[in-house]
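*Asks:* have a look at this prediction, sequence included:
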Amino acid sequence: MNNTFLNACKGNGCEHTPIWIMRQAGRYLPQYQKVRGTVDFLTLCKTPHLAAEVTIQPVDILGVDAAILFSDILIIAEAMGLGLSFHEEKGPVFSKTVRTLEAARALSIIDPLEDVPFVLETIKILKKELSNKVPLIGFAGAPFTVATYIIEGGTSKNFINTKTIMYSDSGVFNTIMQKLTDSTIKYLSAQIDAGADAVQLFDSWAGVLSPNDFATYALPYVVTVLEEIKKKGVPVIYFLNNCAGLLEKMSEIKADVFGIDWRVDMARVVSIFNGKAVLQGNLDPCLLFSDTVKIKKEAYDILKKAALTKGHIFNLGHGVLPQTPVDNVKALVDIVHQYG
Ligand code: CP3
């Protein structure tokens, strides 16, 4: 087993800096497109042997040091009773929004074995097929991030509905957040029981909150999820997109690893966390549209700065984009393995 990723999560030294890439299974890979050409995205997530196949693709093609379960952060919301579909242009769309106490109360707390058996089955297949290769990362969306989708009904720009409820209807907001928190704890626990070696909580949108609002409306729920999940004994990664203004608050959270987006200099993150955190990140995904000389220069800069903290897992600052040249992604993996 290539244990560099799990060793780095614990802050133990490794022979090279491990790398995996958010959204490493996806549309930039022709091999993914081929499978995806036969089924729609949600069917792919719900068909364990296909979800397992696309999970393994980047491990074989790129040589990354960890696999991440192929699924989506919104699967949990569908399991809580909301109709979900994905559209080519609009992205995820919910058939109804959750903006009233009645709708919030109607959300169910998931029973993973009943409601998302396909996720657990995919993990079981993967544990067999990945044996002695690389560890498997499970994941969920953080409560605030998933709340934005179910309140807005899909992707949003200004989050007006979410923030209106957050500021002026604490009954509705707390009910939604508490239900998402309870479901997320059950969901991640079940993924770990099924065999996930580590889990990542994706907070893609909490970075749209001011530091005070983040501390009031998002952070307490993250803390609750992490406290419960840490009892399971596997490393927990908290990825906060757009974290630059929230680093001080973020440093109060007890995660094993902190995922950092590219808008902040790694040296600043290292100093705010006082050299005591394991950090993950943080190359701009768009750098993969440049050339290998530029990619090497920027990757090296991050490696050098992150070497001054407790541990480093290389990653992009957010997911790899659909049009990214595969050769540049491969080149990045090789650069990190050579210089990290
Ligand atoms: O990282 C991996 O390789 C595992 C798979 C994974 C997907 N989504 C597959 C996916 C993971 C970890 C996610 C997480 C996810 N999903 C997040 C958090 C990370 C982030 O990007 O901020 C979010 C916000 C979502 C919600 C979501 N799913 C959106 C907004 C969209 C549409 C936009 C887009 O990128 O297409 C999706 C669809 C989605 N999720 C695709 C994939 C491969 C594309 C679907 C397709 O094949 O058509």
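*Replies:* Here it is on my side, so go on.

*Asks:* in the stretch 101-250 of the chain, what residue is nearest the ligand?
*Replies:* With distances taken as CB to the nearest ligand atom, the stretch 101-250 of the chain approaches the ligand most closely at Ser204, which sits 3.2 Å away. (Each C-beta comes from the backbone N, C-alpha and C, glycine too.)

*Asks:* quick check, that residue in contact with Gly141.
*Replies:* Yes: here Ser204 reaches Gly141: they are 7.2 Å apart, a contact under CB atoms under 8 Å.

*Asks:* what do these two both touch?
*Replies:* In terms of CB atoms under 8 Å, 6 or more residues apart in numbering, Ser204 and Gly141 are both contacted by the residues Ile73.

*Asks:* can you give me the end-to-end distance of stretch 312-332?
*Replies:* Distance between the two ends of stretch 312-332: 15 Å, counting by CA to CA, to the nearest Å.

*Asks:* give me the contact status of it with the ligand.
*Replies:* Yes: shown here: stretch 312-332 in contact with the ligand (CB under 6 Å from any ligand atom) through Gly319.

*Asks:* let me see the mean pLDDT of that stretch.
*Replies:* Per-region confidence: stretch 312-332 scores 98 on mean pLDDT.

*Asks:* centre of the chain to it, how far?
*Replies:* Between the centre of stretch 312-332 and the centre of its chain there are 15 Å (CA atoms, centre = their mean, to the nearest Å).

*Asks:* same thing with stretch 263-279?
*Replies:* Relative to the chain's own centre, stretch 263-279 is displaced by 19 Å; criterion: CA atoms, centre = their mean.

*Asks:* strands of the chain, start to end?
*Replies:* Along the chain, the stretches classed as strands by DSSP state E are 67-68, 84-87, 91-94, 136-141, 198-203, 236-240, 257-260, 278-283, 311-316.

*Asks:* give me the helices and strands touching the second one, please.
*Replies:* To tie it back to what came earlier, the one meant is strand 84-87. Taking 3 or more CB pairs under 8 Å, 6 or more residues apart in numbering; DSSP states H and E as contact, the helices and strands that strand 84-87 lies on are helix 41-45, helix 75-79, strand 91-94.

*Asks:* each with direction, which strands does it pair with?
*Replies:* Neighbouring strands of strand 84-87 in its sheet, by DSSP bridges, are strand 91-94 (antiparallel).

*Asks:* on that earlier part again, redo the helices and strands packed on strand 84-87 as JSON lines? Include distance to the ligand, mean pLDDT and mean neighbour count.
*Replies:* As requested, the helices and strands packed on strand 84-87 are exported to JSON lines (distance: least, CB to the nearest ligand atom, whole Å; pLDDT from 0 to 100; neighbours: other CB atoms under 10 Å):
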{"stretch": "helix 41-45", "distance to the ligand": "4", "mean pLDDT": "98", "mean neighbour count": "17"}
{"stretch": "helix 75-79", "distance to the ligand": "9", "mean pLDDT": "98", "mean neighbour count": "22"}
{"stretch": "strand 91-94", "distance to the ligand": "3", "mean pLDDT": "97", "mean neighbour count": "16"}
